[in-house]
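Novice: Fold the following.
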Amino acid sequence: MVTYRMRKVFLFLILILSAVPVLRLNAQDITFRVAAPPAVVTGTNFSLVYEINTTNCTDFRLPAEISENFDVLFGPGLSVVTGTQIINGKLTRTASTTYTYTLGAKKEGSFSIGPATVKIGNSEYRSESFKINVLPPDQTQQTQPQAAQPQQQGRGAQQRQESATSPGGINDENLFIRMIVSKRNVFEQESFLVTFKIYSAYTMVDVIPKFPEFEGFLSQDIELKSYDVIPERYNERNFSTVIVKQAILFPQRSGQLTIGSGKVDVKLRVQVQSARRSIFEDFFGSYQEITKEVVSQPVTIDVKPLPAGKPANFSNAVGSFTMNSEINRTQLKANEAVTIKLTIRGNGNTRWFKVPEVKFPNDFEVFDPKQDLNTRVTTNGVTGTRTIEYMAIPRYAGDFEIPPVTFTFFDPQSGTYKAIPTESFNLQIERDESSTGAPVISNFSGRESIRFLGKDIRYLKTQKINFQSYQDIFFGSFLYIMAYLMLTVVFVAFFIIYRKQMKENANIALVRTKKANKTAVRRLKQAEKLLKENKEEAFYEEVLRALWGYLSDKLNIPQSKLTKDNVASELTKQGVNETLSGEFLEIIHTCEFARYAPSKVSGAMDKLFGETINAIDTMENTIKK
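Specialist: Next up, the predicted model:
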């Protein structure tokens, strides 16, 4: 009986162990990739490679479009590779199977190739599909241009040969660069793609690009991992092309903006033929490397202003966006935090638009929002997500409502402004039983910087009463009268000064105006510290904060309602000339632009800091209150 049970246990273990490889195979992530050139020329051969990350492959089949449109000259060449690695004590096994074919392009056209299939175990897997363009051959039957042709012997022939082998001897029709823009007519802040592509009939060895600064645009580069050489037909000729730069541009103002020329140093390998040739030169040929600078033509972009009728809460966002909102809880106690998160997704100027503001009730203590930006730059534009978290702390019990938040953007496809509202949130705040009833004070320096005051009642200390003899009192004496008169004079003077000070303090606008310069100087000291530490983005942000704060205090306009238009209008009313007003607005514009497109000019920060101090000093002498 025991033996029979033992046999059943052993049989069960054998079944489990035998199933492990099958289970492991089914759980493995199979990748089935294909590698093929995007373009070839009719009459040339090329390689087609399929790779699978396992060795258990059977019944591999090519897609039918291969045999219909190409000549299969060789294949499949089968390669099976396995390996083992030990990294940080962890054993990793790798395996791959590769099928290689050599195909001949027999007819021109654009072909869509379906997936290949293979069996792994009992399952069938499919590869990726791909497209390939077959270009026609050049009608001129030209081979690669040569730097020099055989000439007759003599000094004149030698001079012509030296001229041909110089960099200036490279024909501009066989080597040039194009700046390709996806759109010539756009709105302000509307993104478009710019591509710099080299066309060469020579063999390119290396490229060294020098690109324009894109003045008047904000830009985000598309990462190019390598300079891939791709055949392309242009003006009835076939060229080897290389994309050396791609960027997404956002125009910052309306009108005609020009993108400057792009320059690239191209190192070429060209064949040289001389009058004196050996048998080896006749057979192998002689080559020389030549560096040639190619320059693209500038391109003008027509930028249209955004249409009239901007909504009051327009965020300066241009593109296509969606937004959703969520709250962490709607029932909580007083002095507990509540968080509202807004998530904006889309394609456009995601990095630069203004985020919407959540309006909390007056009795809530509100903290600065926390933002998180995650973007991806492709040839289709800048897509990504911008997340904003707002945190507030209610101080009293009750029922409160947080009104809806509206995000407004401009859609260039439809040419209209669109608004996305969120839902409103109803909060039920219960009384905090653990609170002592004392007020809560925060220094607003961060979410952790919250402290509670203790009890504000202090008991009087009792002391033994000491009596003094009447003989020691100097009431009625000369010293008493003089002291009384001096105290009266001091009291009257203090009363007059105090009343004057109270009257001035009651005038909040006057107080802010007088303290505007001191506040700006204090902020500029912090900017000077950032300047010495060469923290460029923080420096421009601090100067911008100092200027807006100074103008808000000087003109008695809340910062939330402060714009460039009403600043210029109010300065004119105060008797400030257009030159000084223009200097302030130009400094603000420079700071706003430099935060996202930092200047590479040495000394720009020092110059801007000096201009800011001079402008504030001049303003103080102009507006005296």
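Novice: Please count neighbours and contacts with C-alpha atoms only from this point.
Specialist: Fine.
Novice: As CSV, could you dump the C-alpha coordinates of the lengthiest strand in the chain?
Specialist: If you go by DSSP state E, the chain has its longest strand at strand 70-87. This file holds the C-alpha atoms of strand 70-87, laid out as CSV (Å, rounded to 0.1, in the frame of the first residue of the first chain):
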residue,chain,number,x,y,z
PHE,A,70,11.2,40.8,-55.4
ASP,A,71,13.6,38.2,-56.6
VAL,A,72,14.7,35.9,-53.7
LEU,A,73,18.4,35.4,-54.5
PHE,A,74,19.4,33.7,-51.3
GLY,A,75,17.8,32.4,-48.2
PRO,A,76,16.9,31.6,-45.7
GLY,A,77,20.3,31.8,-43.9
LEU,A,78,19.5,30.4,-40.5
SER,A,79,21.4,31.5,-37.4
VAL,A,80,20.7,30.2,-33.9
VAL,A,81,22.5,31.9,-30.9
THR,A,82,22.3,31.1,-27.2
GLY,A,83,24.2,32.7,-24.4
THR,A,84,24.6,32.9,-20.6
GLN,A,85,25.4,36.0,-18.5
ILE,A,86,26.0,36.5,-14.8
ILE,A,87,25.4,40.1,-13.7
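Novice: Name the residues of the very next helix or strand once past it that come out as buried.
Specialist: Moving toward the C-terminus from strand 70-87, the next helix or strand (DSSP states H and E) is strand 90-105. For strand 90-105, the neighbour count (16 or more other C-alpha atoms under 10 Å) marks 96-105 as buried.
Novice: can you put those in CSV and add distance to Tyr50 and pLDDT?
Specialist: CSV is the format used below for these (distance: C-alpha to C-alpha, whole Å; pLDDT from 0 to 100):
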residue, distance to Tyr50, pLDDT
Ser96, 10, 86
Thr97, 8, 89
Thr98, 6, 90
Tyr99, 5, 90
Thr100, 7, 93
Tyr101, 9, 92
Thr102, 12, 92
Leu103, 13, 91
Gly104, 17, 90
Ala105, 18, 87
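Novice: so Thr416 bridges to which residues?
Specialist: Partner residues in beta bridges with Thr416, using DSSP bridges, are Asp411.
Novice: tell me the pLDDT at it?
Specialist: For Thr416, the model assigns a pLDDT of 94.
Novice: go on, Ser182?
Specialist: 94.
Novice: Which residue comes closest to it once chain neighbours are left out?
Specialist: Leu193 (5.2 Å; C-alpha to C-alpha, 6 or more residues apart in numbering).
Novice: ok, now which ones touch the one you found?
Specialist: Neighbour list for Leu193: 181-183, 246-249, 379-381 [criterion: C-alpha atoms under 8 Å, 6 or more residues apart in numbering].
Novice: Provide the secondary structure category for it.
Specialist: Using DSSP: H, G, I helix; E, B strand; the rest coil, the structure places Leu193 in strand.
Novice: The one 3 residues further on too?
Specialist: Classification of Phe196 into helix, strand or coil gives strand, according to three-state DSSP.
Novice: so what's it up against?
Specialist: 177-180, 243-246, 262.
Novice: Excluding chain neighbours, what is closest to it?
Specialist: Met179 (4.7 Å).
Novice: That neighbour: which element?
Specialist: If you go by DSSP H and E, Met179 is part of strand 175-181.
Novice: Who are the packing partners of that strand?
Specialist: strand 192-200, strand 286-295 (3 or more C-alpha pairs under 8 Å, 6 or more residues apart in numbering; DSSP states H and E).
Novice: Could you list the buried residues of the helix or strand just after it?
Specialist: Using DSSP H and E, the next helix or strand after strand 175-181 towards the C-terminus is strand 185-187. Buried residues in strand 185-187, counted by 16+ other C-alpha under 10 Å: 186-187.
Novice: Okay, now the sheet partners of strand 185-187, with direction.
Specialist: Per DSSP bridges, strand 185-187 is paired in its sheet with strand 299-304 (parallel).
Novice: as a whole number, average confidence for the partner strand?
Specialist: 94.
Novice: what separates stretch 384-391 from the chain centre, distance-wise?
Specialist: 15 Å (C-alpha atoms, centre = their mean, to the nearest Å).
Novice: where does Gln621 land in three-state SS?
Specialist: No Gln there; residue 621 is Asn. helix.
Novice: got the CA coordinates for the strand holding Met179 in CSV?
Specialist: Extracted in CSV, the C-alpha atoms of strand 175-181 (Å, rounded to 0.1, in the frame of the first residue of the first chain):
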residue,chain,number,x,y,z
LEU,A,175,25.8,67.8,-52.8
PHE,A,176,23.4,70.1,-51.1
ILE,A,177,21.2,70.5,-48.0
ARG,A,178,17.5,71.3,-47.8
MET,A,179,15.5,72.8,-45.0
ILE,A,180,12.1,71.2,-45.1
VAL,A,181,9.2,72.6,-43.0
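Novice: Name the residues that touch it?
Specialist: Against strand 175-181 from outside (C-alpha under 8 Å, 6+ apart): 192-202, 262, 294-299.
Novice: From the residues you listed, list the buried ones, please.
Specialist: Looks like these have 192-202, 262, 294-296 buried, using 16+ other C-alpha under 10 Å.
Novice: Tell me how far stretch 568-577 lies from the chain's centre.
Specialist: 37 Å.
Novice: all strands for the stretch 401-550 of the chain, in order.
Specialist: 406-411, 416-421, 425-430, 440-442, 450-452 (DSSP state E, counting those that start in this stretch).
Novice: just the stretch 251-400 of the chain next, same as before
Specialist: 255-259, 263-272, 286-295, 299-304, 314-327, 331-333, 338-348, 364-366, 370-378, 381-394, 398-402.
Novice: Compare those and report which one is nearest to Phe410.
Specialist: Phe410 lies closest to strand 314-327 among these, at 4.8 Å (C-alpha to C-alpha).
Novice: What is the burial count for Gly83?
Specialist: 9 (other C-alpha atoms under 10 Å).
Novice: do the same with Glu533
Specialist: Glu533 has 10 nearby residues by other C-alpha under 10 Å.
Novice: ok, now Thr44?
Specialist: Other residues close to Thr44 by other C-alpha under 10 Å number 12.
Novice: again with Ile259
Specialist: Neighbours around Ile259, by other C-alpha under 10 Å: 19.
Novice: max-length helix in this structure?
Specialist: helix 478-506 (DSSP state H).
Novice: Return the list of helices and strands in contact with that helix.
Specialist: helix 508-532.
Novice: tell me the mean pLDDT for the helix it packs on?
Specialist: Here the average pLDDT along helix 508-532 is 71.
Novice: Kindly report the same for stretch 396-411.
Specialist: On average, stretch 396-411 scores 93.
Novice: Quick one: residues in contact with that stretch.
Specialist: 311, 313-321, 323, 333-335, 355-361, 363, 416-432.
Novice: Scan the helices and strands of this protein for the one with the lowest mean pLDDT.
Specialist: helix 155-165 (a mean of 37; mean pLDDT, DSSP states H and E).
Novice: Chain neighbours aside, what residue packs nearest to the residue most central in space within the chain?
Specialist: Closest to where the C-alpha atoms of the chain average out (C-alpha atoms, centre = their mean) is Arg351, at 5.6 Å. Sequence neighbours aside, Leu373 is the residue nearest to Arg351 in space, at 7.3 Å (criterion: C-alpha to C-alpha, 6+ apart).
Novice: Also Glu51?
Specialist: Using C-alpha to C-alpha, 6+ apart, the closest residue to Glu51 is Thr98 (4.5 Å).
Novice: that older thread, relative to Arg345, how far out is the residue nearest to Arg351?
Specialist: 10 Å (C-alpha to C-alpha, to the nearest Å).
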